[in-house]
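Trainee: Got a sequence here, can you model it:
(2 chains)
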Protein chains: 2
Amino acid sequence: MGTKSTEAPLRKLMGPGPLDIHPRVYQALTSPVIGHMDPAYFKTLDRIGDQLRRVFQTQNRLTHATPGTGTSGMEACVANLIEPGDPVLICVHGYFGDRLRQMAERQEADVSVVEGEWGRPTDPQGVKEAFQNKGYKLIALVHAETSTGVRQPMDDIVRLAKEHGAMVLLDTVTSLGGVEIKVDEWGLDAAYSCSQKCIGAPPGLAPITFSDRAIDVARNRKHPIRSWYLDITLLDQYWGSTPRVYHHTSSSTLNYALLEALLLIEEEGLQNRFERHLKNHQALVAGVEAMGLEMLVQPDYRLPTLNTIRVPEGINEAKVRGYLLETFNLEIGAGLGALAGQVWRVGLMGYSSSAENVLFFLSAISRALAVQGCKTELSAGSDAAMSLLNA
Amino acid sequence: MGTKSTEAPLRKLMGPGPLDIHPRVYQALTSPVIGHMDPAYFKTLDRIGDQLRRVFQTQNRLTHATPGTGTSGMEACVANLIEPGDPVLICVHGYFGDRLRQMAERQEADVSVVEGEWGRPTDPQGVKEAFQNKGYKLIALVHAETSTGVRQPMDDIVRLAKEHGAMVLLDTVTSLGGVEIKVDEWGLDAAYSCSQKCIGAPPGLAPITFSDRAIDVARNRKHPIRSWYLDITLLDQYWGSTPRVYHHTSSSTLNYALLEALLLIEEEGLQNRFERHLKNHQALVAGVEAMGLEMLVQPDYRLPTLNTIRVPEGINEAKVRGYLLETFNLEIGAGLGALAGQVWRVGLMGYSSSAENVLFFLSAISRALAVQGCKTELSAGSDAAMSLLNA
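Mentor: Residues are numbered from 1 along each chain as shown, chains lettered A, B, ... in the order given. Sure thing, here's the model as predicted:
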């Protein structure tokens, strides 16, 4: 007995996500479907909450998986915390900061923006100046900008927000589970992520966490949130109350897979996992640079999870991606928005962050460039990577 | 190598959904994860669109699977088609009609309601009177009310809507794939469903279809829709345009499973599938009634997919469900809202609509009632069911 739906090819996924998932996560997907109001399933939801608290490094009671992709998590945060007319400050230095801005504008908020260069983090000076002119209910920013590969330093901006009494909403889509996030220590009010990047599960769920202050804000809105599906007070009656109240038909399939992925993180250990992501990233960068290619982001701000490599002069970037896909079944990401045509995005996240993938990528990109007449030094690249992989 | 996430028991699912899924659908869940912008994956999305058009019986170009549960499909329809101040008419004769009303009110629409008794369909006379008093942009109603087991006859209400120029939005959550839906012939403007009931896939996706008129209404809104995640114009740029524009990270896992379930429907044949659902439903009803139990809904309006059985006088309905779950791993549904404590909801949908499940249920409920001192005539019930199952 075979399926008929799946002539789809077996890819090696090294784009911005989804990434390859661990065989144990595939196995969890075949766990028997169970009802969303089954007492045994509630235990699974509790375990997921506990595991997500560990990964977010928070005690926040309200720590769930929203029933949708990472974007549903972004919308759950924005739409619950922001009301029409609310003054909010959005840091935009990439595609996903801009998506936050668009969502806040759709809530008819009074939106101010600190614009930054794509490929650099937001400058705290810009945030400081914004707070000098105006008070804000909330500042929203992206910890790991998936479009540029930039890691945003948090200290100065969070300190400024706290000084001015603003809530902090953080996008951790490309960092949670691969780069340290300290929700409580940093004093974040809300954060969201996705299941398919550093967490290592398939797409379809969005981890979120709300502080008690954020819950209060959502509960005491003047205008009811328009969304019924993503109303955090209703979601919380299902995920977090006793007795649980039916809201939506939770996908046991996706949640079993998410739990399995989270258990793999626990087994590895969070710190070990961060170190693995960092080591493989550094090896990839060393290899890429020794081959004569250039990274977009300055060393201090590079994400260990998503590597943005500049497309060399005269190279058709789409042809390179097409060649990698056709020849090696290898997916890497294109540039998005302002960086379209200028960079490739190479993900090393979750199960995909491995020495094998680093070395495979270097060989494959070298060949793809050679086909377009661009010679790179693969031996030098491989040697540089090997030395950091301790091989 | 085992998973660690899944001590969860193996249930027999006969509630309002999710239901048991076919082994081929489980197998499809383990198809390799693939990127949401992979050309090979786009072919899968196209195949899903084609299959959904067949099941909805429509030529509507915009026929997708929304990235969320059935409720996300409801919200995608309501939030895209209804603007603040719009006069809309909602037929409420159960929990999900009421959810439609709540969603329309959150859109700040001018909401009128035709209230009906829970357990009966909406009376077209009430709709006629409503149209005599006022013009409506849209009428929303539930084809298969999951909370009551009522099938709503469509002819008169749709005719009234057409006469008065109102759009028609239909909830087909508990009918699509199990009971005939003719989107084009009936002249519907939008409809939504879920993946986990008669379609036979796991929860997490919501089939939707929009007529060209509905697309125009969504495109020409005066006030932009607040939701970015469920903005049908953005979703359609991903599902339905050339080239496709990134919007969210589509879950290949869920979509492969949905496609496999839809292919199983095609192999069985839609009419055969409707007949199977009807036959098993009739056998269950005959059995239940011969055992001395009573159905909630009058014969003409019973859904073949969801059977509501009255709880006999003096019986604690929760204890019966608890006994079935603990003793037989059998899940059936409780009453919702106005029917809480008064009925059980027994689903026979998709792969779960089988002679085996009918007979198993009759034996199990007879035993569960006997334990509470309520004697039923199982032999008579079984004989009555058998005769309709041609056994």
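Trainee: From now on I want contacts and neighbour counts done on CA atoms only, so please keep to that.
Mentor: Fine.
Trainee: per-residue pLDDT, residue A:285?
Mentor: pLDDT, residue A:285: 98.
Trainee: That one touches residue A:295, doesn't it?
Mentor: Yes. Using CA atoms under 8 Å, residue A:285 is in contact with residue A:295, at 7.4 Å.
Trainee: got any residues that touch both of the two?
Mentor: residue A:307 (CA atoms under 8 Å, 6 or more residues apart in numbering or on different chains).
Trainee: Those two: who's more crowded?
Mentor: Neighbour count, other CA atoms under 10 Å in any protein chain shown: between residue A:285 and residue A:295, residue A:285 has more, with 26 against 19.
Trainee: any idea how far whatever helix or strand the more buried one lives in is from the chain center?
Mentor: Per DSSP states H and E, residue A:285 falls inside helix A:270-290. In terms of CA atoms, centre = their mean, to the nearest Å, the gap separating the centre of helix A:270-290 from the centre of its chain is 17 Å.
Trainee: What of stretch A:86-100?
Mentor: That offset, for stretch A:86-100, works out to 15 Å (CA atoms, centre = their mean).
Trainee: can you pull the buried residues of it?
Mentor: A:86-100 (16 or more other CA atoms under 10 Å in any protein chain shown).
Trainee: domain ranges for chain A?
Mentor: A:22-266, A:270-388 (automatic domain parsing).
Trainee: Show the end-to-end separation of stretch A:198-210, please.
Mentor: In stretch A:198-210, first residue to last residue: 20 Å (CA to CA, to the nearest Å).
Trainee: ugh, wrong one, I meant stretch A:78-86
Mentor: 11 Å.
Trainee: what pLDDT, on average, does that stretch get?
Mentor: 98.
Trainee: Stretch A:35-43 too?
Mentor: On average, stretch A:35-43 scores 96.
Trainee: re earlier: any chance of TSV for the domains of chain A, columns distance to residue B:25?
Mentor: Converted to TSV, those look like this (distance: least, CA to CA, whole Å):
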stretch	distance to residue B:25
domain A:22-266	9
domain A:270-388	25
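Trainee: Identify whichever of those domains lies nearest to residue B:44.
Mentor: domain A:22-266 (16.1 Å; CA to CA).
Trainee: List the contacts of the closest residue to residue A:334 other than its chain neighbours.
Mentor: Residue nearest to residue A:334 in three dimensions, not counting chain neighbours: residue A:344, with 5.1 Å by CA to CA, 6 or more residues apart in numbering or on different chains. Under the criterion of CA under 8 Å, 6+ apart, the contact list for residue A:344 reads A:307-311, A:317, A:332-335.
Trainee: Mind doing that once more with 10 Å?
Mentor: With contact set as CA atoms under 10 Å, 6 or more residues apart in numbering or on different chains, residue A:344 has these partners: A:15-16, A:147-148, A:295-296, A:306-311, A:317-318, A:320-321, A:332-336.
Trainee: How is it classified with respect to secondary structure?
Mentor: strand (DSSP: H, G, I helix; E, B strand; the rest coil).
Trainee: Can stretch A:257-268 be said to contact chain B?
Mentor: Yes. Stretch A:257-268 is in contact with chain B by CA under 10 Å from any CA of the partner chain, via A:257-264.
Trainee: mind listing what's buried in that stretch?
Mentor: A:257-266.
Trainee: Stretch A:21-36 now?
Mentor: A:21-22, A:24-36.
Trainee: Equivalent analysis for stretch A:160-175, please.
Mentor: A:160-161, A:164, A:166-175.
Trainee: So residue A:225 sits against residue A:77, correct?
Mentor: No. When contacts are counted by CA atoms under 10 Å, residue A:225 is not listed as touching residue A:77 (11.2 Å).
Trainee: residues shared between the contacts of the two?
Mentor: Common neighbours of residue A:225 and residue A:77 (CA under 10 Å, 6+ apart) are A:218, A:231-232.
Trainee: Could you tell me which of the residues you listed belong to helices?
Mentor: A:218, A:232 (DSSP state H).
Trainee: Closest one of the shared contacts of residue A:225 and residue A:77 to residue B:384?
Mentor: Closest to residue B:384, out of all of these and judged by CA to CA, is residue A:231, at 46.8 Å.
Trainee: which residues of chain A score low on pLDDT?
Mentor: Low-confidence segments of chain A, defined by pLDDT under 70, are located at A:1-2, A:5-7.
Trainee: what residue is smack in the middle of it?
Mentor: Nearest residue to the geometric centre of chain A (CA atoms, centre = their mean): residue A:173, 1.8 Å.
Trainee: mind listing what the residue lying closest to that residue once chain neighbours are set aside touches?
Mentor: Nearest residue to residue A:173, sequence neighbours excluded (CA to CA, 6+ apart): residue A:193, at 3.9 Å. Contacts here follow CA under 10 Å, 6+ apart; on that basis residue A:193 touches A:56, A:65-66, A:69-74, A:170-177, A:199, A:205-209.
Trainee: From chain B, how far off is residue A:193?
Mentor: Going from residue A:193 to chain B by CA to the nearest CA, to the nearest Å gives 12 Å.
Trainee: what do you get for residue A:362?
Mentor: 21 Å.
Trainee: quick one: that residue and residue A:385 touch, right?
Mentor: Yes. Between residue A:362 and residue A:385 there is a contact under CA under 10 Å: 9.0 Å.
Trainee: the more surrounded of these two?
Mentor: Applying other CA under 10 Å to residue A:362 and residue A:385 shows that residue A:385 carries more neighbours, namely 28 against 22.
Trainee: ok, back up a step: export the buried residues of stretch A:257-268 to TSV and append columns for distance to residue A:183.
Mentor: TSV is the format used below for those (distance: CA to CA, whole Å):
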residue	distance to residue A:183
A:257	24
A:258	20
A:259	20
A:260	23
A:261	20
A:262	17
A:263	20
A:264	21
A:265	18
A:266	18
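Trainee: Can you name the two of these that sit furthest apart?
Mentor: Maximum distance among these (CA to CA): 14.4 Å, for A:257 and A:266.
Trainee: So which of the contacts of residue A:193 are in helices?
Mentor: A:56, A:70-74.
Trainee: give me the subset of those residues touching chain B.
Mentor: Checking these against chain B (CA under 10 Å from any CA), the matches are A:70-74.
Trainee: got the residues of the stretch 201-350 of chain A near chain B?
Mentor: Counting by CA under 10 Å from any CA, the stretch 201-350 of chain A sits next to chain B at A:201-205, A:223-230, A:246-264, A:322, A:325, A:331-334, A:336.
Trainee: Only whichever of these are buried, select them in ChimeraX.
Mentor: Those of those that count as buried under 16+ other CA under 10 Å are selected in ChimeraX with:
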select /A:201,202,203,204,205,224,225,226,227,228,229,230,247,248,249,250,251,252,253,254,255,256,257,258,259,260,261,262,263,264,322,325,331,332,333,334,336
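Trainee: Just the ones of the residues of the stretch 201-350 of chain A next to chain B in strands?
Mentor: A:331, A:333-334 (DSSP state E).
Trainee: Show me which of these is closest to chain B.
Mentor: residue A:331 (7.6 Å; CA to the nearest CA).
Trainee: what about the closest one, distance to residue B:289?
Mentor: 59 Å.
Trainee: Then residue A:236?
Mentor: Residue A:236 is 40 Å from residue B:289, by CA to CA.
Trainee: Show me the strands in the stretch 1-150 of chain A, by range?
Mentor: In the stretch 1-150 of chain A, the strands defined using DSSP state E, counting those that start in this stretch lie at A:12-13, A:62-66, A:87-92, A:110-115, A:138-142, A:144-145, A:150-151.
Trainee: if we can go back for a sec, which of the buried residues of stretch A:21-36 come close to chain B?
Mentor: A:21, A:24-36.
Trainee: Sort out which one of those residues lies nearest residue A:368 for me.
Mentor: So of these, ranked by how close each gets to residue A:368 (CA to CA), first place is residue A:21, at 25.5 Å.
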